[in-house]
Each structure stands twice: as structure tokens, then as C-alpha cells.
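Asks: Here is a sequence with its predicted model. Questions after.
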Amino acid sequence: MVRQKTFLVLAVLIAVAALSSAAFAQDAADEPVITPQVCAEPGTLTMWVWDENWAEIIGNAIDAWTADYCPGATVDLQVQPWAQYWDLLRTNAAGGTLPDVFNMNQPFFGDYADVVLDLDPYLEAAGIDTSVWGTGMIDPYRVGEDQYLTAVPVNWDTIAIYYNKDMFDAAGVEYPTAEWTWDDFAAAAEALTDPDNDVYGAVVYPEYQAGYANWIASTGISPITSADGTECTVDAPESIEALQFLKDLEDAGYQPTVSIMGGASADDSFNFWLAERVAMVAGGSWKLTAAFEQTTFNWDVVQLPRHPESGRSRSILHAVGYVASANTANPDLAANLIIYLGSDEGQQFFADAGGVAPANPGLQDEWIASFGDAEQNIQAFVDAIEDSQGVTFFGEINDAVSQLPVNIYDLGTPVEEAAQQACDAINPYLPH
């Protein structure tokens, strides 16, 4: 999720960053993905985070950085609680007094894109190939015509389909694979729907990250707004196609309405799945712990189905990042610290702490191993990273984003009309 709870209770709910195992898997004996650099000159930095658990982990990493890579450097690490964090950051940005380094959240980044440091020169000098992080993890932190990168990611979470294997077995339906398509998904939803027992085949529309936006992204368009945040895309033909596909499943009786499910949140749909009222549900990697602890049936996960024409399966990915103030008096030092915190060595502190899992792609196997000898395809969440879609909405348009699925999948508003209503609500907040 991209709400506050994502960052405050991530200790056991969020995934560690990684990329497709076929292209990016790394054995312990391989070369590091991101190597720390010795600083050119020590100095003093301030750093803000919004979570005390993060502060402890990052503080330990900073101690190692100063001991091994930048002796004599000091970092004033401060916790600004979430409830005050963004107000303080906004005030300091307006006054030109931002901390040297601070955590950034994708949905809020647009407000700070002009006041953060371009990290590309430092990443290039360190020999870091930024593509190792995957599209969704870093694209929202790119700025300008040159699309320079301003953040090193901290963490990630992606979306996949959780499915009830017992229901598949009872209906004689083959388990889905990473190559399944929208058509395959629709056929499975039909076959798994059991009106006599009040069971639905699927529920995949609620909310932005865990729902309808993934289907829009797989068409190849940026959901809700364009990548540069200047245009509403809800009423684009690709978005209409995706929203209508999901509406057709509901009209056919294969998906429940919001009212039947009891709410339009990802928690509502996931609980519906836990209650064995639906065979397939779109859910985030942060739901794995709940699935392991609360299911009473056999289950597994699989990547989202592929669009029949684009061939793409695209998960909405959310990631927090480390950024530096463009006005920092020590840009070289700030960038050096950020690179360390994003390195294999720096992010190992997150992996060892068992809290918020690190974004470094070299640590993917450790995250999967943290679930023990699980038979489920947890790798599906990792594989979803490579061609993922970063978060494309911000706080001011949250009401329109949340109301869209209610209008379509509960109130019965025609898709094109609901899409136009959403854009009418969103457009006033977009730059013109």
C-alpha cells in the first residue's frame, strides 16, 4: 500500500527489492550489485526519516559507513514522525532549509522534484547501472527532459494474484502460469464462479495499487496520470479498455460488487479471499504474512495476467527512496552516503534486522528465504519488479482515485462516464 501504514508496520509485511531471477538473480559468490565508495572528504550531514525502526537500522548502517568509508564524517539522524514529516518538509523546502539527506515517498515526490539533487553523475562515477532497480522502483524519481535520477530506492512492494488451489482443483481448472493472459484469467474466473455456494471467481479491481491500475498499466499506458504528471489518463482508450474488461467480469457475475464484498479497499478484497468467497484476488507482497498465518486452504501466487496485445504483465510498484537536498552544502558527501545506504553492504542492515526489507537487488534470495520452506511461488513478486509501474498519483487526487472503482463496480456508472468524472476531478490539480 502507499498509505502511512505501509511504512510504519512493514516489519514483516513488505518485500525486499529484487529483479527478475532470470536476468538479475545473484549468488553469494557473485560480484556485488552496488559497491560502496570511499568518500573524498568527511563532513557533517543532517538526515530525516519518519520511522523509529528505520532510524535504528539506518543509524547502524551510518556507523559502518563512517567507520569503513568516511572516517570523521558525522550524521545528525533525526526522526520526524509521519504525522508531522510532510508538513515540516514542505515548510523547510519553501525556506530553502531542507535536511541534507531525507526519505522520500513516490506519491509525494512531485512537490519536491525541483529541490532535490541530481544523483546521476555520482551513480555514473560509482559505476552503478541504475537499471538494476527495475522501472517502477526508480522511474517516479526521474526528473526533467533528461530524466535524471534523484533517488536511490529503500524498499519495494508489488502485486500478484493469490489463488485458492483447492477451488481450482474442485473446478478442474489448471493452475495459472506467468504466461497467462487476460483471456485465460477471464476463463478461469468464469469456471471458478459457483453461484450455488455464493463463490466468485475473482476480485481484482479495488484500490489503486492492488487493483484496477495494474490492468491499465499492462496496456502500456501510465495509469491515472501521465508519467510527467501533466495529463489525466483515466479517460484514455487504454484505460477504458482495462476498466471495461473488469466491469464485464462483474456484469457476468464473476466478480462481486463493492457492496457484496463489504468495501472497496484491498483489505476488503483480501479478507473476502481468506473467507473462501472468491478464488482469485489481486494482493500485495505485504499480504504474504497474513496469507501464511490465516489461510485454511491450499494457496499459491502467480504474476498478474498479460495483456493479450502488449504481452505485458505490469504490477504497480511502490518504493521509498533516499534523496538529497539540491542546496546541501556537501553534495558529494550526501551522494556518497546515499550510495552506501543503497549498496549491498548498506542494505544488508535491513536484511539482517528483519524489518523493512532492503531494495538492493542482490538481496532477493534472502527475502524469499525469510519465509522458510514455503512451497508458494513467492518469486512471483520479485519477477513483477522488472517491468513494473511506479506510483502515478498524489494526495490531492486521492479522493478521485478511490471513488473511481466505487462508481464503476458498485454504483454502476458507465465506464466512460466514470472515467470522465475522475479526470474532471483530477485535472484542476495537474500543471497546465
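Replies: On my side now, so go ahead.

Asks: Show me what counts as buried in stretch 38-52.
Replies: The neighbour-count check on stretch 38-52 (16 or more other C-beta atoms under 10 Å) flags 39, 42, 43, 45, 46, 47, 48, 49, 50, 51 as buried. All C-beta atoms are positioned from the backbone trio N, CA, C, and that covers glycine.

Asks: Just those residues: which are in strands?
Replies: 45, 46, 47, 48, 49 (DSSP state E).

Asks: residue contacts, the last one?
Replies: The contact partners of residue 49, taken as C-beta atoms under 8 Å, 6 or more residues apart in numbering, are 55, 58, 77, 78, 79, 80, 102, 103.

Asks: could you dump the buried residues of stretch 38-52 to JSON lines with distance to residue 281 and pLDDT?
Replies: Formatted as JSON lines, the buried residues of stretch 38-52 follow (distance: C-beta to C-beta, whole Å; pLDDT from 0 to 100):
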{"residue": "39", "distance to residue 281": "47", "pLDDT": "97"}
{"residue": "42", "distance to residue 281": "51", "pLDDT": "98"}
{"residue": "43", "distance to residue 281": "50", "pLDDT": "98"}
{"residue": "45", "distance to residue 281": "44", "pLDDT": "98"}
{"residue": "46", "distance to residue 281": "43", "pLDDT": "98"}
{"residue": "47", "distance to residue 281": "38", "pLDDT": "98"}
{"residue": "48", "distance to residue 281": "36", "pLDDT": "98"}
{"residue": "49", "distance to residue 281": "33", "pLDDT": "97"}
{"residue": "50", "distance to residue 281": "30", "pLDDT": "97"}
{"residue": "51", "distance to residue 281": "28", "pLDDT": "93"}
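
Asks: can you count the residues close to the nearest residue to residue 295 once chain neighbours are set aside?
Replies: The spatially closest residue to residue 295, leaving aside those adjacent along the chain, is residue 274, at 6.4 Å (C-beta to C-beta, 6 or more residues apart in numbering). A count of nearby residues for residue 274, using other C-beta atoms under 10 Å, gives 20.

Asks: While we're on residue 372, how confident is the model there?
Replies: The predicted local distance difference test score for residue 372 is 87.

Asks: part of a strand, is it?
Replies: No: if the criterion is DSSP: H, G, I helix; E, B strand; the rest coil, then residue 372 is coil and not within a strand.

Asks: Identify the residues contacting residue 321.
Replies: 103, 104, 105, 106, 109, 138, 141, 150, 151, 152, 153, 154.

Asks: quick one: which of these is most hemmed in?
Replies: residue 152 (32 neighbours).

Asks: give me the beta-bridge partners of that residue?
Replies: residue 322 (DSSP bridges).

Asks: Any stretches of this structure with poor pLDDT?
Replies: The chain contains residues with pLDDT under 70 at 1-32, 354-357, 432.

Asks: about what we covered before: doesn't residue 292 make contact with the residue nearest to residue 295?
Replies: No: in this structure, residue 274 is not within contact of residue 292 by C-beta atoms under 8 Å, at 11.5 Å.

Asks: which residue packs closest to residue 421, ignoring adjacent ones?
Replies: residue 407 (6.7 Å).

Asks: how far away is that neighbour from residue 179?
Replies: 33 Å (C-beta to C-beta, to the nearest Å).

Asks: next one: residue 391
Replies: Applying C-beta to C-beta to residue 391 and residue 179 gives a distance of 27 Å.

Asks: neighbour count winner among those two?
Replies: Legend: neighbour count by other C-beta under 10 Å for residue 391 and residue 179, higher for residue 391 (23 against 12).

Asks: Phi, psi for that one please.
Replies: phi -60, psi 130 (degrees, to the nearest 10).

Asks: hang on, the earlier thing: any chance of the buried residues of stretch 38-52 in a markdown table with distance to residue 381 as columns?
Replies: Shown next, in a markdown table, are these (distance: C-beta to C-beta, whole Å):
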| residue | distance to residue 381 |
| --- | --- |
| 39 | 35 |
| 42 | 39 |
| 43 | 39 |
| 45 | 34 |
| 46 | 34 |
| 47 | 29 |
| 48 | 29 |
| 49 | 25 |
| 50 | 24 |
| 51 | 22 |
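
Asks: Quick one: the helices in the stretch 151-300 of the chain, in order.
Replies: 165-171, 182-192, 213-218, 237-251, 258-261, 266-274, 288-294 (DSSP state H, counting those that start in this stretch).

Asks: which one of the ones you listed is the most hemmed in?
Replies: helix 213-218 (a mean of 28; mean count of other C-beta atoms under 10 Å).

Asks: by contact count, what packs against that helix?
Replies: helix 237-251, strand 316-317, strand 389-390 (3 or more C-beta pairs under 8 Å, 6 or more residues apart in numbering; DSSP states H and E).

Asks: Need these in a markdown table (columns: distance to residue 257).
Replies: What follows is the helices and strands packed on helix 213-218, written out as a markdown table (distance: least, C-beta to C-beta, whole Å):
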| stretch | distance to residue 257 |
| --- | --- |
| helix 237-251 | 7 |
| strand 316-317 | 23 |
| strand 389-390 | 26 |
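
Asks: out of those, which comes closest to residue 265?
Replies: Minimum separation from residue 265 across these (C-beta to C-beta) falls at strand 316-317, 15.0 Å.
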